[in-house]
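>>> return atomic coordinates for the entry below.
(2 chains)
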Amino acid sequence: MTERQARYRAAYLFICPIIALLVIFRLYPVASAFWESLYQLQFQGRVMEKIYVGLRNFQDLWGEPIFWKSLWVTLKFNLIVNPLQIGLALILALLLNLHKNVRTIYMLPLGVSLPIASIIWRIILDPNQGIANGLLKLVGITPQPFFTSADQALWSVIIIATWKGLAFWMIFLVAGLQNIPSTCYEAARIDGANLWQEVVHISIPLLRRIILFVLVVDTSVNFVLFAPMYIITRGGPTFSTNVLMYEAYRSGFTYQDWGRAMAIAIILLVIVLVIVGIQFKAFQTREY
Amino acid sequence: MNIGRSKKTLLRASWWLAILFGLIFTILPFVWILVSSPRPNYIIFRYTTPLSWRTFTPVPATWQPYIAIFQKGYGRALVNTTFVALTTVLCGIVINSMAGFVFAKLEFPAKTFLFVLVILTFLVPFEATAIPLFILIRRIGWYDSYHALIVPGLANGIVVLMYRQFFLGIPTALMESARVDGASWWRIYWDIFLPMSKPAHICAALIIFFFQWESFLWPLMAAPGEKYRVIQVAITYLSTEYGLLWNEQFAAAVVAASIPLVLIFRFQKYYVRGMSGTEIKG
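Below is the predicted model:
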C-alpha cells in the first residue's frame, strides 16, 4: 500500500462513523419526508400504513385558515424577534466590550434551558400573582394579561426567547469586537472621531459579517421554536402563538395525522433550508 | 471643556442606566426563583403583588418542595439525563474529533463535498428534522429507549468545526515526522493529537452536554415514557400537572439549571473561546 492509499484509507475510516450517522439520522429522514408527505400515514404500533394521496396533504393545508394563520404567526414572530435579539445583543456587546465581569452576569440565562425559562416566565408573567404585575403595580401601571391575551401572548414569548438568547449572540459579537485591531480606533481618534462615529463607522462595518451570521443562525433557530408554545400557550389564545412547529407537532402527536404533520414539516424545512442557503453563501465569502 | 465634561457624565449615566435595566431583567427571575423555591406556596402568593422586600426574603424556608419533586420521579429523570448526556459526550468526542482531524489534516477525494455535508447538517436545526426522524425511530423500534435519545445526537457539526479549527493550529510537521517514523494514522490521532487538545475536549464536552441536557422537543417525541424521561420533559410534566405548585416548579428549575450553570462558569473561558472561534474563523 502506498503512502497515498494509506492516507485515503485512514481518512475514509475516520469519517465513516460521522457520515453514517448524518446520512441515517439527518439526511434520510429529510429525504423520506419529501416522499412520505405524499401519503396518508397511520401507525399501527411499529408498522406504518401508507395510502398514496398525491399532493392532497398540501392541498388540504392550502384550504385551511389555521395553516395560513400559523404561517403568518411564524413569520411575524421571526420578523420581530430576530432583529430585536441581535439588535439588543449588539448594543450589549458594545456596552460591555470592556466589562468582563458584568458580561458574566448577563451570561446567567445561558445555563437555563428554554423549557425551564418558559416555566419560570409563565409564573413571572402570571396575570394574577406574577411578580411582573407586582412590579408594574409598584410603579403605578395597571396589571397586564400577558399570555392570556391574544394581543400580548406572542410578545410574551418574544420576551422569553430574548431573555434566554441574548447572551449567546452577545458572545459572538463581543469576540468579533475584540478581533478589530485597536489601530483602527486609534486612527479614527486621531482624525477626531467621537464615540458614536467610532461605533457607526468602524465597529458596525467591521462586524457586518458576524452580524449577518448570527442573524441568520438566530432566524433558523427561532423558526423551529417550540417549548414556550407547548408549555405555556398551547398555540393560543385564539391561535395567536400557533407557530408552524407547534402545529406540526400537534397534527402528529395529538391528532395522529402524520401525513399532515409531514407536509407542515416539509414546508418548515424548505423555509429553514432557504435561510440556511443564505447563511451558507455568507459563510463561503468568509474564506473556508 | 465644561460642556464636554457634562456630556461625558450624561453618557456615563445613561451607560449605567442601560446596564442596570438589563441586569434587572436578567437577574430578577433568578433571585425570585431561588428565594421562593424553599417557601410554602401560600407565602409566595401572598407577597407577589405589589413587590416588597418580603418577596425576596426566603422565610419561612422548608425542604418540602425539594423532597416532593423527588417523590414525583425527578430523581429518575436526573439519572436518565446524566446517563444520556455523559454517554453522548464520550462517544461524541471520539466520533467528532476523528472527523475534525481528517478535515484539518488529510487530503483525500471528495473532501470538500463531505465537509459541506457536515456544515449543512450543522446549519439545519435539529428540531426542523424532528418529525421525520421520529417516524424513522418508531419504525426501527427505538421508540422509548436510550438509543433514541443518544444516537441521533452523536454527530454534531459545530463540534467537528471546532475540532478542525483546533487541529489546524497543530503543526503538520509533527505529524509528518511521526509518519516517517512509521506511526499509523490512528496512532498519530490517538497519541499525538488527542492528548494535545484538552481545551478542545472541554469545549466539545460542554457543547454536547448542553445539547443533551437542554434538549426537549426530541425526548418529548421519542422517549416520553416514565422510564426514559429526561429532565426537561419531567419538569414540563410537573408544570402542566401541578401548575399551581409554584415552589416545586421552582425547586425543579433550580436543580435542573444548577448543573449547566456551574459548568458554564467553571469553564467559561473554553466555552466562549471555542464557540466564537468556530464561528469567526470557521
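
>>> how deep is residue 217 tucked in, by neighbour count?
All of this refers to chain A. 23 (other CB atoms under 10 Å in any protein chain shown). (Glycine included, C-beta is placed from N, CA and C.)

>>> to clarify, I was referring to chain B.
Quick note: residue B:217 (other CB under 10 Å) scores 24 neighbours.

>>> swap in the one 3 residues further on?
Counted with other CB under 10 Å, the burial measure for residue B:220 works out to 22 neighbours.

>>> secondary structure element for it?
If you go by DSSP states H and E, residue B:220 is part of helix B:217-222.

>>> from the contact counts, what lies against that helix?
With contacts taken as 3 or more CB pairs under 8 Å, 6 or more residues apart in numbering or on different chains; DSSP states H and E, helix B:217-222 sits against helix B:130-139, helix B:146-150, helix B:231-241.

>>> any chance of those in JSON lines with mean neighbour count and mean pLDDT as columns?
Output for those, formatted as JSON lines (neighbours: other CB atoms under 10 Å in any protein chain shown; pLDDT from 0 to 100):
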{"stretch": "helix B:130-139", "mean neighbour count": "22", "mean pLDDT": "90"}
{"stretch": "helix B:146-150", "mean neighbour count": "20", "mean pLDDT": "93"}
{"stretch": "helix B:231-241", "mean neighbour count": "22", "mean pLDDT": "88"}
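
>>> so what's the nearest residue to residue A:264 once chain neighbours are set aside up against?
Excluding the flanking residues, the one nearest residue A:264 by CB to CB, 6 or more residues apart in numbering or on different chains is residue A:248, at 3.9 Å. Contact analysis of residue A:248 by CB atoms under 8 Å, 6 or more residues apart in numbering or on different chains lists A:261, A:264-265, A:268, B:131.

>>> quick check: the gap between residue A:248 and residue A:201.
Residue A:248 is 45 Å from residue A:201, where distance means CB to CB, to the nearest Å.

>>> what of residue A:99?
For residue A:99, the distance to residue A:201 equals 23 Å [CB to CB].

>>> let me see the domain layout of the chain.
Going with chain A. A:1-34, A:65-114+A:167-284 (automatic domain parsing).

>>> the intended chain is chain B.
B:2-62, B:67-281.

>>> and among those, the most buried is which?
Most buried of the domains of chain B, by mean neighbour count (mean count of other CB atoms under 10 Å in any protein chain shown): domain B:67-281, with a mean of 19.

>>> quick one: distance of it to the chain centre.
Relative to its chain's centre, domain B:67-281 lies at 8 Å (CA atoms, centre = their mean, to the nearest Å).

>>> would you list every one of the helices in the stretch 1-150 of chain B?
Counting by DSSP state H, counting those that start in this stretch, the stretch 1-150 of chain B has helices at residues B:2-36, B:41-46, B:64-71, B:74-105, B:111-123, B:130-139, B:146-150.

>>> same check, this time on the stretch 51-200 of chain A
Ranges of helices in the stretch 51-200 of chain A, per DSSP H, counting those that start in this stretch, are A:56-62, A:65-96, A:100-106, A:114-124, A:131-138, A:153-179, A:182-190, A:195-198.

>>> packing partners of the fifth one?
Identification of packing neighbours for helix A:131-138 by 3+ CB pairs under 8 Å, 6+ apart yields no helix or strand.
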